[in-house]
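K.L.:
Here's a sequence, model it:
(chains A and B)
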Amino acid sequence: MVGNIEPIRKGRVYLAMWGYLDDRAKCDWVLGRFRIKLPPIGRLPEFRARVVVDVFGDGCWVLLPATEEYHRVEGTRLKEFLREVLFLFDEGESGEFLYTNDDLVYRTCLLWIGGKVKNAEFLDRMAKLIKEGKTKEARALLIAKEL
Amino acid sequence: MGYREPQFYLVPLRKGKVGATIICTLDSEERKVAIGELAVRLPSIADFPEFGGKVIMDPRNIWVMLPSGEYRRAPEHSALGWFIDKVFRFFEQGRSGVWYTDDELVHRTCLLWLDGKTKNKAFLRKVAELLLAGKRAEVRALLIAKEL
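P.N.:
Residues are numbered from 1 along each chain as shown, chains lettered A, B, ... in the order given. Modelled structure (predicted):
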């Protein structure tokens, strides 16, 4: 953790701190005897999910399979696709994020952010098939692009 | 300060790991920031005397309490830094690790400097010299002359 404490007025300070939360035991931010304990996130499924969006729809993240890092989605097109299939998302425990582990949604995202598909019509088509429950057709379309 | 508080942001970074940002003010009461089930208890600073000190310093900054009770940060690399370095023996270490003093003469010297009532480094040098020699009555006289 890193942080900064700055006195504002007598008996009042401004605190800004940045750090990481993970699955392990609580992390502490310590400045002398000043200590802030941070909770683990192990019980929150949204931070292990394949696709995560924030409740405002501004932030979208896709888990990269090789590194297990989250790729932040830029641009609007994939976000529009995710909005179309938002019914497949669950609400996370934090209340700030929605998440899904749906295979079709995930693979569509990977194709898009991997640059294998640049045509927005593909996303429209996928959204339509998923919403109509035509998972076999959606899967076939994905395989064709993945190969 | 112009921000909504407290603020607690999370950003997914990798599987099972998020970046967290907390921005808030702390005072004599304990507080809690939470996002859903994730809660962080923010301690009170009531037991930290340094945050009520008249002059506070860390390795990079000096803050001086104004008569209004607000703190003003001294400009970086100013002569005031040199003065504080000279009179460091009047400071004690707070529980958070920052240093502070309630010494009246050190404080008044800082206020004079910040108010622009004296811009002469020789004045700071003289006050430091007298303080270190324990000649507080002379310092007081010097300060009154500038304050008037």
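K.L.:
tell me the domain boundaries of chain B?
P.N.:
What automatic domain parsing lists as the domains of chain B is B:7-42, B:49-147.
K.L.:
Name whatever forms a beta bridge with B:Gly19.
P.N.:
The partner list for B:Gly19 in beta bridges (DSSP bridges) reads A:Tyr20, B:Val11.
K.L.:
before we move on, back to that, got a markdown table for the domains of chain B, with mean pLDDT and distance to A:Asn119 too?
P.N.:
Bear in mind the C-beta positions are built from the backbone N, C-alpha and C, glycine included. Compiled in a markdown table, the domains of chain B are given as follows (pLDDT from 0 to 100; distance: least, Cβ to Cβ, whole Å):
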| stretch | mean pLDDT | distance to A:Asn119 |
| --- | --- | --- |
| domain B:7-42 | 91 | 27 |
| domain B:49-147 | 94 | 53 |
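K.L.:
Turn these into a markdown table, including mean neighbour count.
P.N.:
As requested, these are exported to a markdown table (neighbours: other Cβ atoms under 10 Å in any protein chain shown):
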| stretch | mean neighbour count |
| --- | --- |
| domain B:7-42 | 17 |
| domain B:49-147 | 17 |
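K.L.:
Helices of the chain, residue ranges please.
P.N.:
Using chain A. A:77-84, A:103-113, A:120-131, A:135-146 (DSSP state H).
K.L.:
hmm, I had chain B in mind actually
P.N.:
Ranges of helices within chain B are B:79-86, B:104-115, B:121-132, B:136-147, based on DSSP H.
K.L.:
Figure out which of these is closest to chain A.
P.N.:
Smallest distance to chain A across these (Cβ to the nearest Cβ): 12.4 Å, for helix B:104-115.
K.L.:
quick one: the closest one to helix B:121-132, angle?
P.N.:
Going by axes from the mean of the first three to the mean of the last three Cα atoms, to 10 degrees, helix B:104-115 is angled at 170 degrees with respect to helix B:121-132.
K.L.:
Show me the residue at the heart of chain A, geometrically.
P.N.:
In chain A, the residue lying closest to the centroid (Cα atoms, centre = their mean) is A:Val52, at 2.8 Å.
K.L.:
Looks like that one contacts A:Cys60 (just checking).
P.N.:
Yes. With contact defined as Cβ atoms under 8 Å, A:Val52 counts as touching A:Cys60 (7.2 Å).
K.L.:
just to revisit the earlier point, so what pairs up with the residue nearest to the centre of chain A in the strands?
P.N.:
Judged by DSSP bridges, the bridge partners of A:Val52 are A:Trp61, A:Tyr99.
K.L.:
Same check on A:Glu91?
P.N.:
Applying DSSP bridges, one finds that A:Glu91 bridges with A:Leu98.
K.L.:
Hmm, it is touching A:Val53, no?
P.N.:
No. The criterion here is Cβ under 8 Å, and A:Glu91 misses it with A:Val53 at 10.9 Å.
K.L.:
For the residue nearest to B:Arg14 when sequence neighbours are not counted, give its distance to B:Leu13.
P.N.:
Closest residue to B:Arg14 apart from its sequence neighbours, by Cβ to Cβ, 6 or more residues apart in numbering or on different chains: A:Glu69 at 4.4 Å. As defined by Cβ to Cβ, to the nearest Å, A:Glu69 lies at a distance of 7 Å from B:Leu13.
K.L.:
Likewise for A:Ile36?
P.N.:
Here A:Ile36 is placed at a distance of 20 Å from B:Leu13 (Cβ to Cβ).
K.L.:
so what strands line up beside the helix or strand bottoming out on mean pLDDT in chain A?
P.N.:
None of the helices or strands of chain A scores lower by mean pLDDT, DSSP states H and E than strand A:27-31, at a mean of 76. Strand A:27-31 has the following sheet partners, assigned by DSSP bridges: strand A:34-38 (antiparallel).
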